[in-house]
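Asks: Only the shape, not the letters, is given here:
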């Protein structure tokens, strides 16, 4: 069983600071006295830019809905799966989760501690977090999906979504460095050519990388406009990502 911890704590890295080394758990949540919320992230291969919307790592289709290669009894600390045609790098999913999506054990979610690299279509041994173990036995009929830590390698929101929005950068962060993105409360956020009016829903843009847009039911909602937005400018948005 995963240990639960309180978010009521102080952190060694300020909201407007970046670090070449990881100082806080990825995904840790910080809240300012006025209620604005932030998540601790590692920047991906491209630097983060203040005011732009960022996603978690891209979902890998060939690591989703994959077969369990060997039965895992209740209490097991590792699970062997068979990847699809895409290779996995060592610890690509460390800090993420394994979701059991079909057959025996379906509905359970387990934290991933580590795993080696593996070629596409090969077997991969997933080691669970120290304080977790398989609750309901898995069989070779079971299917699982591997999900990255959404805060490990933030990438700019693309016009065609590859992941889910995790926050708006509040400062420029060097590629591969660690810092904070905002997830709730008022923030300066880039709008595309379809700005929202005061009070309207704001979504992730489907036309402009890193931007928000007038909300529709077809895209990820990220918040609400705090004023009449101006096209292609950075506008006040009340974020509701987390």
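Replies: Received the coordinates, thanks. No experiment lies behind these values; they were computed from the predicted model shown. Numbering: from 1, shown residues only.
Asks: C-alpha from now on. contacts and neighbour counts both.
Replies: Will do.
Asks: Wasn't residue 160 part of a strand?
Replies: No - read with DSSP: H, G, I helix; E, B strand; the rest coil, residue 160 is coil and lies in no strand.
Asks: Quick one: distance of the lengthiest strand in the chain to the chain centre.
Replies: Secondary structure assigned by DSSP state E gives strand 178-190 as the longest strand of the chain. Distance of strand 178-190 from the chain centroid (C-alpha atoms, centre = their mean, to the nearest Å) equals 14 Å.
Asks: what's the answer for stretch 184-193, then?
Replies: Remark: stretch 184-193 is offset 19 Å from the chain centroid, using C-alpha atoms, centre = their mean.
Asks: Just the residues contacting it, thanks.
Replies: Contact with stretch 184-193 is made by 35-38, 51-53, 168, 170, 205, 207-208, 210-213, 226, 229-242, as judged by C-alpha atoms under 8 Å, 6 or more residues apart in numbering.
Asks: I'd like to know which of the residues you listed are buried.
Replies: By neighbour count, with 16 or more other C-alpha atoms under 10 Å, the contacts of stretch 184-193 hold 36-38, 51-53, 168, 170, 205, 208, 210-213, 226, 229-230, 232-241 as buried.
Asks: In strands only, show me these.
Replies: Per DSSP E, the buried ones among the contacts of stretch 184-193 map to strands at 37-38, 53, 168, 212-213, 234-240.
Asks: Nearest to residue 146 among those residues?
Replies: Within these, the smallest distance to residue 146 is 24.0 Å, found for residue 53 (C-alpha to C-alpha).
Asks: That closest one: what's it in contact with?
Replies: Applying C-alpha under 8 Å, 6+ apart, one finds that residue 53 lies in contact with 156-157, 165-169, 189-190, 204, 210-212.
Asks: let's see 10 Å
Replies: 154-158, 165-170, 181-183, 189-191, 204-205, 209-212, 222 (C-alpha atoms under 10 Å, 6 or more residues apart in numbering).
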